[in-house]
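>>> Using only what follows, build the 3D model:
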Amino acid sequence: MEVTHQRLHMPFWQNNSGVNLLAIVILSRGKCGLSRCITRYLVSMAVTDLLVIITAVLLNRIPAIYFPGTFLSITPVCSFSIVLIYASRDTSVWLTVTFTFDRFVAICCQNLKTKYCTAKRAAVVIGMVSALGCLINIPWYFMHEHIYIINNVPWYCSLKDIRFTSTIWATFQWSDRILTPCLPFFLILLLNALTVRHILMASRARRRLRTQGTRENQSDQELENRRKSIILLFSISACFLLLWMAYVVQFFFERFIRDYQIKGFTDPLFVLRESANMLQLLSCCTNTFIYAVTQSKFRDQLRDMLYHPLTLILKLVK
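Numbering: from 1, shown residues only. Okay, here's the model as predicted:
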């Protein structure tokens with residue numbers, strides 16, 4: 001994620017922050033017909049998505065554009081905020097991977113399902129992913145330097161030129177891009193492919209058992225539950241892949257044209273970079289809409305939460 005600044009429509013991002021917060025409240029109530037394991041993953045994903053919006057947009061881009069020269073622009077504070085941006089971004093991405101893996105185990109590995117797909121195990125995995133997301137991004141704090149010094153106070157952040165000459169920093173940047181999002185791309189595609197293969201095999205087995213009426217109803221209910229989980233899983237995975245694709249293309253493109261200088265706001269590379277950043281941030285706003293589209297009980301809970309304040313107001317008026 002290049003820490004560049006662009007014009008943002010503030011109400012759009014504020015609304016999406018509210019939507020993510022609303023999703024956290026609804027999912028935390030546990031009334032959406034989902035298991036505690038799935039609920040914990042979805043809540044953690046909504047929390048990290050909200051953190052990405054807060055750190056990358058509300059505390060980074062908007063202040064830099066509309067309120068320059070504030071406390072947030074001091075170099076140590078700016079460097080620390082960049083670490084928070086990368087940490088929340090990586091955690092959000094890898095929680096998507098762990099959720100995909102959890103659903104793969106639940107659907108394809110029945111022997112491991114009872115041991116792995118539990119609320120306790122989900123909490124441990126979420127904690128480990130969050131801790132690693134913070135630890136591996138600490139070096140970003142040391143990759144930036146000040147642009148100005150005013151009254152002995154360093155201001156703003158700029159990447160050090162050493163990133164072009166140091167093997168260590170070059171290795172760190174490559175590993176950062178491989179870990180997020182290249183490796184998640186591969187793992188999500190692989191796990192989804194294996195899940196689809198298993199579902200197709202299970203469907204063929206079901207057709208062979210159709211003549212057994214007592215087992216047919218049980219099989220139908222099981223496949224219906226799997227269908228709902230698959231719709232949710234594939235929707236989240238597909239949005240992640242599509243919205244991060246531009247970022248991956250931009251990274252490899254810039255590696256091959258390293259000496260290219262951006263000539264202005266209409267330069268194709270500038271447009272690609274900013275579009276990639278925008279889509280990457282947008283990926284943290286889509287999960288809530290996916291829940292609303294794919295989960296009927298989530299829609300019911302959302303409708304109840306929206307209607308309840310109106311009902312109270314009408315009672316007070318009467």
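>>> any idea of the mean pLDDT for the helix or strand where Val125 lies?
Assigned by DSSP states H and E, Val125 belongs to helix 119-135. Averaged over helix 119-135, pLDDT sits at 96.
>>> any idea how far Leu22 is from Ser28?
Per CB to CB, to the nearest Å, Leu22 is found 11 Å from Ser28. To be clear about C-beta, it is placed using only N, CA and C from the backbone, and glycine gets the same treatment.
>>> quick one: the helices in the stretch 1-150 of the chain?
10-28, 36-52, 62-66, 75-108, 110-116, 119-135 (DSSP state H, counting those that start in this stretch).
>>> Would you mark the buried spots in the second one?
This points to helix 36-52. 37-52 (16 or more other CB atoms under 10 Å).
>>> quick check, distance from that helix to the centre of its chain.
9 Å (CA atoms, centre = their mean, to the nearest Å).
>>> Just want the angle from it to helix 75-108.
If you take axes from the mean of the first three to the mean of the last three CA atoms, to 10 degrees, helix 36-52 sits at 160 degrees to helix 75-108.
>>> Run a quick neighbour tally on the closest residue to Trp244 other than its chain neighbours.
Nearest residue to Trp244, sequence neighbours excluded (CB to CB, 6 or more residues apart in numbering): Pro181, at 4.6 Å. Pro181: 26 surrounding residues under other CB atoms under 10 Å.
>>> and Pro181, what does it touch?
If you count contacts by CB atoms under 8 Å, 6 or more residues apart in numbering, Pro181 has them with 93, 240, 244, 247-248.
>>> Tell me how many other residues crowd Trp155.
16.
>>> beta partners for it?
Beta-bridge partners of Trp155, counted by DSSP bridges, are Ile74, Tyr148.
>>> hang on, it packs against Thr75?
Yes: between Trp155 and Thr75 there is a contact under CB atoms under 8 Å: 6.3 Å.
>>> anything in contact with each of the two?
His146.
>>> Thanks a lot, catch you later.
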